[in-house]
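*Asks:* Have a look at this fold, sequence not included:
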DNA sequence: CATTCGTGGAG
DNA sequence: TCTCCAAGAAT
C-alpha cells in the first residue's frame, strides 16, 4: 500500500533495516554495541567524516587506520608536525582538509580541553567542519538530532519526495525534510542508516528498490524513474591546461623538490619545479621555462584530471653532476620519494622522468 | 549563489 | 574513452 508521505512507521522500517544490513566500518559503533550503550569516539567520528568528504569509503579505510596508528589521540595529532600530516594525507586529495584537520585538532586540544563541542553550532566553528560534518558528528558522536545532508541523503530524500527542484537550490528543503524524519531516540543510527541506504540500496544507478525499507512510501517509485533523481544543474566542461615539469637528478640519485604555497591548488604539498598552470592560464611548455640551466631533455607528457580542469604536463629530465643549492628546495634521494608529500600528479611526472622511482626495491 | 579545491573506481 | 561521482568546505 502506498502512503502519502514517509512517517514514523517508515523510520522504524529504516532503523530495522539498518540493524540487519548496516555496514561494519572501522570508525563505527554498530547497532548491537550501540544499543548496549557503547558510544562512538568523537575523535574517530570526526577524523573519518573529514576523510570521507567527497571521498569513497574504500579509499578512506587505509588512511584512517594509518592516522590512528600515527596519532592515537587528538592531542597526538595536535602535537604533530603539519608536514608529517601532509605526508600522511598525500594521495587522498583535497589537501586543504589536511591543513584544516591539523588546525582543528590544535583548537580542540588547546581550547576545548581535548573534547569536541557537542552542538552543531559549536562544531561548525571549527576549521574544516561545515554544515554536513557538524551535523554528522553531532548525530553520530553525541546522538543529537540533526540533518546530516550528504550526497547519499540528498539522493534518498530527493527520491522519497520526488523533489523536482535541482541541486543545490533544493538543499534547504531537503535538510528540513531530513530533519523532520529524524527520530528523537536514535538520531545517530538514523543518519548512518540513511547513508548506508544511499550507498547500498538507493544507489545513483540501478537502485535496488525492491529491497528498500522505504519502498512503500517512495514518491519517485510511483511517479517517475527513481534513477533520474536528484535533479541537478548541468555542469560546465573541463578545460585543458598545459604546463611543464622539470625533474632534475644529481649524481647521488636525488631529485630536486620544492614546497608549494600553503594556499590554492595542492596547497602545502611538494612538487618538482614547473610552470604555473593553476592560475587560469596555460603554462609555458617549452624548455625556456627551465628553473635553472641544465641539459634538459624532453621525456614525454603526463595527463591528470582535477576537479575543474584537465592538465597535460610536458616533462623534462636532466642529470646534473652535483647537487646545486636552491632557494626553497631540496634534493631528495629517490629511495625516500614515496614518503614525501607528493600529490598524484607529481608522482606521475617523476615516474615519467624516472620510471623506477616509485617501484619497490 | 558560483568557484575552487583531488583522486580513483564503476559503468 | 567518457561520464559520473564519493559521508563537502571555504571563499
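*Replies:* Received, thanks. Every value quoted in this text rests on a predicted model; they were computed, and no experiment measured them.

*Asks:* list the contacts for whatever residue of chain A ends up closest to DNA strand C?
*Replies:* Using Cβ to the nearest atom of the strand, the point where chain A gets nearest to DNA strand C is residue A:130, with a distance of 2.6 Å. Every C-beta, even on glycine, is put in place using the N, C-alpha and C of the backbone. Listed by Cβ atoms under 8 Å, 6 or more residues apart in numbering, the contact set of residue A:130 reads residue A:124.

*Asks:* same check, this time on residue A:78
*Replies:* If a contact means Cβ under 8 Å, 6+ apart, then residue A:78 has A:102, A:105-106, A:108-110 as its contacts.

*Asks:* Next one, pLDDT for it please.
*Replies:* What the model reports as pLDDT for residue A:78 is 98.

*Asks:* so when I look at it, I'm seeing a strand, right?
*Replies:* No - secondary structure of residue A:78 (DSSP: H, G, I helix; E, B strand; the rest coil): helix, not part of a strand.

*Asks:* For it, which non-adjacent residue is closest in space?
*Replies:* Beyond its immediate neighbours in the sequence, the residue positioned closest to residue A:78 (Cβ to Cβ, 6 or more residues apart in numbering) is residue A:109, lying 3.6 Å away.

*Asks:* just checking, the one you found touches residue A:75?
*Replies:* Yes - Residue A:109 sits in contact with residue A:75 when judged by Cβ atoms under 8 Å, with a separation of 5.0 Å.

*Asks:* What's the local residue count around the nearest residue in space to residue A:219 that is not next to it in sequence?
*Replies:* In space, and not counting its chain neighbours, residue A:219 is closest to residue A:162: 3.7 Å by Cβ to Cβ, 6+ apart. Residues contacting residue A:162 under the criterion other Cβ atoms under 10 Å number 17.

*Asks:* what sits against residue A:162?
*Replies:* If you count contacts by Cβ under 8 Å, 6+ apart, residue A:162 has them with A:219-220, A:223-224, A:229.

*Asks:* ditto for residue A:100
*Replies:* Listed by Cβ under 8 Å, 6+ apart, the contact partners of residue A:100 are A:50, A:127-128.

*Asks:* ok now the helix or strand where it lies, how far from the chain's centre?
*Replies:* Mapping residue A:100 onto the secondary structure by DSSP states H and E places it in helix A:96-111. The chain centroid and the centroid of helix A:96-111 are separated by 16 Å, computed with Cα atoms, centre = their mean, to the nearest Å.

*Asks:* got the buried residues for it?
*Replies:* Residues of helix A:96-111 classed as buried: A:96-102, A:104-106, A:108-109 (neighbour count, 16 or more other Cβ atoms under 10 Å).

*Asks:* Over to stretch A:232-249?
*Replies:* In stretch A:232-249, residues buried by neighbour count (16+ other Cβ under 10 Å) are A:241-249.

*Asks:* Narrow those residues to those in strands?
*Replies:* Helix and strand membership here follows DSSP state E; of the buried residues of stretch A:232-249, those in strands are A:241-249.

*Asks:* circling back: neighbour-wise, which of the contacts of residue A:100 leads?
*Replies:* Ranked by neighbour count under the definition other Cβ under 10 Å, these are headed by residue A:50 with 22 neighbours.

*Asks:* wait, doesn't that one sit right on residue A:102?
*Replies:* No - if you go by Cβ under 8 Å, residue A:50 and residue A:102 don't touch, sitting 10.8 Å apart.

*Asks:* No further queries at this time; thank you.
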